[in-house]
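S.K.: I'd like to go over a predicted model; first the sequence, then the structure.
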Amino acid sequence: MLLTGCGKKAETATAPGALVKVRFQTDWFPQPEHGGYYQAVAKGFYAEEGLDVEILPGGPNAQVMTTVAVGRADLGMTNGDDVIVAVARGVPIKMVGAEMQRDAQGILFHAENPLRSLQDLEGKTLMAGAGSTWLEVLRKKQGVKFNLIPLMGDLARFMNNKQFVQQCFVTNEPYFARQRGADVGALLIASDTYEPYRVMFTGTEFLAKHPDIVGKFVRASIRGWIDYLSGDPAPGNALILTKRTDLPPEFMAYSIKAMNEYQLVSGNPAKGETAGQLTAARLQKQIDLLQEVGVLDKPVAVSDVATFEFIPKQQSKIAPAN
């Protein structure tokens with residue numbers, strides 16, 4: 001299903017000194033969770049690498065892996081485990097770098113009824129995305145039993161029920177719930193058991209033909225993320241707001257702060273993590289877990305799902321901006 005249709009092939013510049021056109025597909029509408037890419041455009045980091053990057057906005061019906069697999073975009077972003085599952089189904093894509101060291105998905109709860117760990121979901125009713133890999137891990141690996149209702153794209157039920165818990169992005173929904181007067185907390189889904197990356201990925205054909213372009217894109221993107229989260233994010237934010245005018249400055253600041261506090265992009269220095277990093281050991285652990293809970297159609301190797309050749313050996317630390 002992912003491979004139906006045919007896509008327009010990548011266009012590369014041929015004139016000496018011309019910038020090479022690259023199309024990058026995001027998973028949602030422009031927002032601070034994409035800020036590093038917009039910062040790299042706004043501050044000319046891609047241009048310094050000889051690239052003219054067009055960021056293609058996503059949305060509720062965005063099929064990022066399909067778009068990249070058939071060549072309608074050259075690179076994309078998504079959850080790393082989704083790439084592993086797709087590769088096991090024969091989709092020709094491969095991770096080339098980490099956008100975030102851990103996914104920003106979490107559980108939103110009312111402070112009156114806090115969750116201290118995912119085990120506290122035992123016996124509760126949870127509104128979450130049906131079919132999400134983390135739900136299978138929670139059920140089959142950790143033995144937590146809960147009732148599941150389909151995720152709706154608003155906070156109405158949550159606001160009307162202090163017992164209610166729902167899937168969220170820790171960089172997003174907590175802000176809007178507090179704006180509506182709720183006292184809330186959020187628990188990151190990522191744990192030592194289940195800790196997927198959010199990744200940059202490309203199609204295997206594009207990777208084989210244009211490894212230099214992929215390397216330049218990854219390098220400039222990581223630079224953009226470090227600059228966005230530790231420097232002045234104003235250039236990236238200004239570019240985001242030209243495409244999406246409904247985001248208040250307070251929300252932008254909240255989202256950036258959350259990314260830094262949860263160490264989503266920078267990673268945990270105590271674990272030796274840095275921006276952009278992927279490791280074979282961690283990916284193997286994820287593959288083994290996905291195999292164990294039965295979500296892979298066939299076994300895959302780390303080399304099937306990722307390449308490490310474009311990841312810088314050393315990166316500057318992200319120091320949160322004041």
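M.R.: Yep, that arrived.
S.K.: please, where are all the helices along the stretch 51-200 of the chain?
M.R.: 64-69, 80-88, 133-136, 156-159, 173-179 (DSSP state H, counting those that start in this stretch).
S.K.: show me what contacts the most centrally placed residue in the chain?
M.R.: When C-alpha atoms, centre = their mean is applied to the chain, the residue found nearest the centroid is residue 198 (3.5 Å). By C-beta atoms under 8 Å, 6 or more residues apart in numbering, the contact list for residue 198 reads 77-80, 98-100, 102-104, 264. (C-beta placed from N, C-alpha, C; glycine too.)
S.K.: let's see 7 Å
M.R.: Contacts for residue 198 were tallied using C-beta atoms under 7 Å, 6 or more residues apart in numbering; they are 77, 79-80, 98-100, 103.
S.K.: swap in residue 300?
M.R.: 84, 87-88, 287.
S.K.: grab the two from those that are most spread out in space.
M.R.: Using C-beta to C-beta, the pair of the contacts of residue 300 lying farthest apart is 87 and 287, separated by 9.7 Å.
S.K.: which of the two has more neighbours?
M.R.: residue 87 (25 against 21; other C-beta atoms under 10 Å).
S.K.: thinking that one is in contact with residue 303, fair?
M.R.: No - the pair residue 87 / residue 303 is not scored as a contact, 10.5 Å apart, by C-beta atoms under 7 Å.
S.K.: so residue 141 sits against residue 191, correct?
M.R.: No - with contact defined as C-beta under 7 Å, residue 141 does not reach residue 191; the gap is 10.5 Å.
S.K.: could you find the closest non-adjacent residue to residue 296?
M.R.: residue 88 (4.2 Å; C-beta to C-beta, 6 or more residues apart in numbering).
S.K.: burial measure for the one you found, as a count.
M.R.: 19.
S.K.: check the one 4 residues further on too.
M.R.: Residues contacting residue 92 under the criterion other C-beta under 10 Å number 18.
S.K.: looking at it now. What's its pLDDT?
M.R.: Listed pLDDT for residue 92 reads 98.
S.K.: leaving out sequence neighbours, find the closest residue to it.
M.R.: residue 204 (4.3 Å).
S.K.: what about the strands in the stretch 51-200 of the chain?
M.R.: All strands of the stretch 51-200 of the chain, identified by DSSP state E, counting those that start in this stretch, fall at 51-56, 75-79, 93-100, 105-110, 125-128, 147-150, 165-169, 184-188, 198-203.
S.K.: distance to residue 295 for these - can I get that in CSV?
M.R.: Output for these, formatted as CSV (distance: least, C-beta to C-beta, whole Å):
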stretch, distance to residue 295
strand 51-56, 28
strand 75-79, 12
strand 93-100, 17
strand 105-110, 16
strand 125-128, 16
strand 147-150, 16
strand 165-169, 18
strand 184-188, 21
strand 198-203, 17
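S.K.: output the contacting helices and strands for the lowest-mean-pLDDT helix or strand in the chain.
M.R.: Ranked by mean pLDDT, DSSP states H and E, the weakest helix or strand in the chain is helix 133-136, scoring a mean of 88. Helices and strands touching helix 133-136, by 3 or more C-beta pairs under 7 Å, 6 or more residues apart in numbering; DSSP states H and E: there are none.
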